[in-house]
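Undergrad: pasting a predicted model and its sequence here:
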Number of protein chains: 2
Amino acid sequence: MRVFNFSAGPAVLPEQVLRRAADEMLDWHGSGMSVMEMSHRGKEFISIAQKTEADLRTLMAIPDNYRVLFLQGGAMAENALIPMNLLGDKTGADYVNTGEWSKKSIKEAKKYCKVNVAASAEDRDFTYVPPQSVWKLDPNAAYVHICTNETIGGVEYHWVPDTGAVPLVADMSSHILSRVVDVSKYGVIYGGAQKNIGPAGVTLVIVREDLLGRALAITPSAFDWKLQAENDSMLNTPPTYGIYIAGLVFEWLLEQGGLASMEQKNIAKANLLYDYLDQTAFYSNPVAKADRSRMNIPFRLADTSLDDAFLQGAQERGMVQLKGHRSVGGMRASIYNAMPIEGVQRLVEYMKEFERSHG
Amino acid sequence: MRVFNFSAGPAVLPEQVLRRAADEMLDWHGSGMSVMEMSHRGKEFISIAQKTEADLRTLMAIPDNYRVLFLQGGAMAENALIPMNLLGDKTGADYVNTGEWSKKSIKEAKKYCKVNVAASAEDRDFTYVPPQSVWKLDPNAAYVHICTNETIGGVEYHWVPDTGAVPLVADMSSHILSRVVDVSKYGVIYGGAQKNIGPAGVTLVIVREDLLGRALAITPSAFDWKLQAENDSMLNTPPTYGIYIAGLVFEWLLEQGGLASMEQKNIAKANLLYDYLDQTAFYSNPVAKADRSRMNIPFRLADTSLDDAFLQGAQERGMVQLKGHRSVGGMRASIYNAMPIEGVQRLVEYMKEFERSHG
């Protein structure tokens, strides 16, 4: 029996995608091979890779002057690879600090350049997004880096900063494909796949073409965006099976009506949980209402001595991975695209039941 | 119907592994989740990762003073990451050039250090391994790099160089797990998974503990071997599903009797093809007999105008991916662990038949 899996990532995938992957495991479309066994340069896999990219372009309405790369290493590798690929002859970059993932990006970038923290939410324990009116941007920065959804803190940008001529670089790992995004407002959008895209081990980089060619000499070729763009992400062997699963997820998203439709479903799911959190003192969420994440909803029990009993009861009711990140404690419900509303309904019902029996 | 897949990589996997992956796709061991959906920090995936490493240690008899890392980026990324991780306060490294993959490693290393090409097989078009008697090693080198099996040229080391106190670093991508290896003779063994280990997107690094801690300041944290060793390869999200498939492959290898047994099977398979190649003038293999690869067997038709007909006939008989690498042309049969001897028998029968009808 399948559980409701609230993991922050790797995370729940659409059951339809998993069924199809299982069905095609030994013989993809009469090829006599698993996708895992296909040469990345064979016509079968090239057709998969091309359809995967085309479907993503359709879903996100990616303009023609952007390249789509499927790489490896996750967002953590990109924390180093972004300055390596974008600094060119600049020596510094702007970063906005909204939580744990911003902090990781900043720490790593300092190995390669002067980091200007243009704004930070540390003053209120990373529970909000600093409005652009307080940002202190450097006009000579190579780029402005933001994390548009903080997976651990549960803080999300619901607006797009205006950085003028300086390219805006966004780590969208944990909310990409959950909402409509105007790609043209960004220089680079990137993220690990293991939330809304597919299996861990695929890294998506969407980069405006004019930003290619600025890589430092120390950039490993396998992670040089320009080289990978010139080789359709096949300078080296790409993570083929992960790309195939991502393609199945993209097909499923198109069947669901695309990102506008997913966004409405995600708003409804998040409201279900937040509305209840706002009605009770038994649980709480610390994030400013305007900046709450639709994907990752951290919450605490007022009486933390009940945490283990809460998690145990959830497990018994088929709901797993609700424990909060080890750095912050409490609970966290990650409700990505593939989490059906039934999962959130069951969670809220259980939270109410637990409150009645323990309140 | 499954084909015989002679792809150089990604490559054929054991059918038993694929069947199990399909069976477990929606619900791994009653967890209610696919392995793809599991948090890498959950008890289910940690048990998978630990068993995978333990089985590999058993298979290769890896000594306790070696760490096993499951990373990302493939051997091409490691071409940069090896100098980054091993140079320490040294400024140069030795490389032996036996073909296309050696050349790629050398080219990339030059971005980070002074490369001394200690020996090269270029004088005979990369058809042999230069004996150690002609190597000109630098005693101050940070390491000596070799590619122990050249996937494109079909040249394999059947002996282990003695580099004294200088660590020997071996790219074993395309023959790892195909034979017994004395790990203690090497400082680092590395390779992409997509030949004998599992799906593309997993990179194996086996490193002697005393070599950790030499990384240059510019090394991305996600690829810093010491940081990854300290975090059991989970500093960032590892390629979880690929690691799971690798684990299934390792279980299959243990069931087959381990590497000594696989080596005997691989010798038998390779002999079947080489014996025939040595009996005919219709086909030829250019590699010195003592240095022939058991995994990748390139061969040419004397009359190259028949290449397309040969490939077409093979395809009709359920044998695919026999076309040689685009850089060298001709044919190539990659006969990794998961290629059953029946596949090689069918290939040799077809080659004889083709010779009779076109000779």
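TA: Cool, got the structure.
Undergrad: from now on I want contacts and neighbour counts done on CA atoms only, so please keep to that.
TA: OK.
Undergrad: does A:Lys114 have beta-bridge partners, and which?
TA: The residues listed as beta-bridge partners of A:Lys114 by DSSP bridges are A:Gly92.
Undergrad: helix or strand: which one has A:Leu69?
TA: Counting by DSSP states H and E, the element that carries A:Leu69 is strand A:66-71.
Undergrad: elements contacting that strand?
TA: Here strand A:66-71 is seen to pack against strand A:203-208, helix A:225-230 when contacts are counted using 3 or more CA pairs under 8 Å, 6 or more residues apart in numbering or on different chains; DSSP states H and E.
Undergrad: domain assignment for chain A?
TA: The record assigns chain A these domain ranges, following automatic domain parsing: A:4-13+A:258-358, A:27-255.
Undergrad: report whether the shortest one contacts chain B.
TA: Yes: judged by CA under 8 Å from any CA of the partner chain, domain A:4-13+A:258-358 and chain B are in contact via A:5, A:7-13, A:321.
Undergrad: in strands, which of those fall?
TA: In strands, defined here by DSSP state E, the members of the residues of domain A:4-13+A:258-358 next to chain B are A:Asn5.
Undergrad: from the residues of domain A:4-13+A:258-358 next to chain B, which is closest to B:Leu59?
TA: Proximity to B:Leu59 was ranked across these by CA to CA; first place goes to A:Pro10, at 28.7 Å.
Undergrad: that closest one: neighbour count?
TA: One way to gauge burial is a neighbour count; for A:Pro10, by other CA atoms under 10 Å in any protein chain shown, it gives 28.
Undergrad: please apply the same query to A:Asp23.
TA: The local packing of A:Asp23 (other CA under 10 Å) involves 14 other residues.
Undergrad: A:Met262 is in what secondary structure piece?
TA: When elements are assigned from DSSP H and E, A:Met262 belongs to helix A:258-279.
Undergrad: rounded mean pLDDT for the helix or strand following that helix, please.
TA: The helix or strand immediately downstream of helix A:258-279 is strand A:283-284, counting by DSSP H and E. The average of the pLDDT scores along strand A:283-284 is 98.
Undergrad: give me the contacts around strand A:283-284.
TA: The set of residues external to strand A:283-284 that reach it, using CA atoms under 8 Å, 6 or more residues apart in numbering or on different chains, is A:277-278, A:299-302.
Undergrad: please state the offset of it from the chain centre?
TA: Counting by CA atoms, centre = their mean, to the nearest Å, strand A:283-284 is centred 25 Å from the centre of its parent chain.
Undergrad: where exactly do the helices run in the stretch 251-359 of chain A?
TA: A:258-279, A:307-316, A:341-358 (DSSP state H, counting those that start in this stretch).
Undergrad: same question, the stretch 51-200 of chain A
TA: Counting by DSSP H, counting those that start in this stretch, the stretch 51-200 of chain A has these helices, from start to end: A:74-86, A:100-109.
Undergrad: picking that back up, between the contacts of strand A:283-284, which sits nearest chain B?
TA: Looking at these and their distance to chain B, the nearest is A:Phe299, at 19.1 Å (CA to the nearest CA).
Undergrad: from what I can see A:Val160 touches A:Val181, true?
TA: No: applying CA atoms under 8 Å as the test, A:Val160 and A:Val181 come out as separate, 9.1 Å apart.
Undergrad: which of those two has more residues huddled nearby?
TA: When A:Val160 and A:Val181 are compared for neighbours, A:Val181 comes out ahead with 18 against 13, by other CA under 10 Å.
Undergrad: with adjacent residues omitted, what lies nearest to that one?
TA: The shortest distance from A:Val181 to any residue that is not its chain neighbour, by CA to CA, 6 or more residues apart in numbering or on different chains, is 6.8 Å, and that residue is A:Met60.
Undergrad: what about stretch A:330-343, how long is it end to end?
TA: Its first and final residues considered, stretch A:330-343 spans 19 Å by CA to CA, to the nearest Å.
Undergrad: kindly apply the preceding question to stretch A:25-42 instead.
TA: Its first and final residues considered, stretch A:25-42 spans 17 Å by CA to CA.
Undergrad: how about that stretch, does it reach chain B?
TA: Yes: remark: stretch A:25-42 sits within contact range of chain B at A:25-27, A:30-34, A:36-40, A:42, by CA under 8 Å from any CA.
Undergrad: which among these end up buried?
TA: A:25-27, A:31-34, A:36-40 (16 or more other CA atoms under 10 Å in any protein chain shown).
Undergrad: and which of these is nearest B:Ser261?
TA: When these are compared for distance to B:Ser261 (CA to CA), A:Glu37 comes out closest, at 23.3 Å.
Undergrad: separation between the closest residue to the closest one other than its chain neighbours and B:Arg2?
TA: By the measure of CA to CA, 6+ apart, the closest residue to A:Glu37 outside its immediate chain neighbours is B:Ala11, 4.5 Å from it. Plainly put, B:Ala11 is 13 Å away from B:Arg2 if you go by CA to CA.
Undergrad: likewise for A:Met351?
TA: Summarising the geometry, the distance separating A:Met351 from B:Arg2, computed by CA to CA, is 50 Å.
Undergrad: same thing with A:Ser261?
TA: Shown here: A:Ser261 relative to B:Arg2, a distance of 39 Å by CA to CA.
Undergrad: could you do A:Thr58 as well?
TA: With distances defined as CA to CA, the gap from A:Thr58 to B:Arg2 amounts to 34 Å.
Undergrad: which of the residues of stretch A:25-42 next to chain B lies closest to A:Leu311?
TA: Nearest to A:Leu311 among the residues of stretch A:25-42 next to chain B: A:Met25, at 34.7 Å, using CA to CA.
Undergrad: so who does that closest one touch?
TA: With the criterion set at CA under 8 Å, 6+ apart, A:Met25 makes contact with A:34-35, B:18-19, B:21-22.
Undergrad: which element is it on?
TA: Applying DSSP H and E as the criterion places A:Met25 outside every helix and strand.
Undergrad: quick one: it and B:Asp307, what's the gap?
TA: Distance check for A:Met25 against B:Asp307: by CA to CA, it reads 31 Å.
Undergrad: circling back to that earlier point, among the contacts of strand A:283-284, who's most crowded?
TA: When neighbours are counted by other CA under 10 Å, A:Phe299 leads those with 24 neighbours.
Undergrad: got the phi and psi for the residue nearest to it when sequence neighbours are not counted?
TA: On the basis of CA to CA, 6+ apart, the spatially nearest residue to A:Phe299 that is not a chain neighbour turns out to be A:Asn285, at 4.6 Å. According to degrees, to the nearest 10, the main-chain angles of A:Asn285 amount to phi -120, psi 130.
Undergrad: next up, the contacts around A:Asn285.
TA: Residues near A:Asn285 by CA under 8 Å, 6+ apart: A:277, A:297-300.
Undergrad: 7 Å - rerun?
TA: Counting by CA atoms under 7 Å, 6 or more residues apart in numbering or on different chains, A:Asn285 makes contact with A:277, A:298-300.
Undergrad: same check on A:Leu177?
TA: Neighbouring residues of A:Leu177 by CA under 7 Å, 6+ apart: A:196, A:259.
Undergrad: mind checking pLDDT for it?
TA: At A:Leu177, the predicted lDDT confidence score is 98.
Undergrad: before we move on, what about A:Met1?
TA: The score at A:Met1 is 83. That number is its pLDDT.
Undergrad: correct me if wrong: it contacts B:Met33.
TA: No: shown here, A:Met1 and B:Met33 do not form a contact pair, counting by CA atoms under 7 Å, at 8.7 Å.
Undergrad: the closest residue to A:Phe223 other than its chain neighbours: neighbouring residues, count only.
TA: Nearest-residue entry for A:Phe223: A:Leu81, 7.0 Å, with adjacent residues in sequence omitted and distances by CA to CA, 6+ apart. By the other CA under 10 Å criterion, the neighbourhood of A:Leu81 contains 23 residues.
Undergrad: cool, and A:Val328?
TA: Neighbours of A:Val328 under the rule other CA under 10 Å: 11.
Undergrad: and it, how far from A:Asn149?
TA: From A:Val328 to A:Asn149 the distance is 16 Å (CA to CA).
Undergrad: equivalent analysis for A:Val117, please.
TA: Distance of A:Val117 to A:Asn149, computed by CA to CA: 18 Å.
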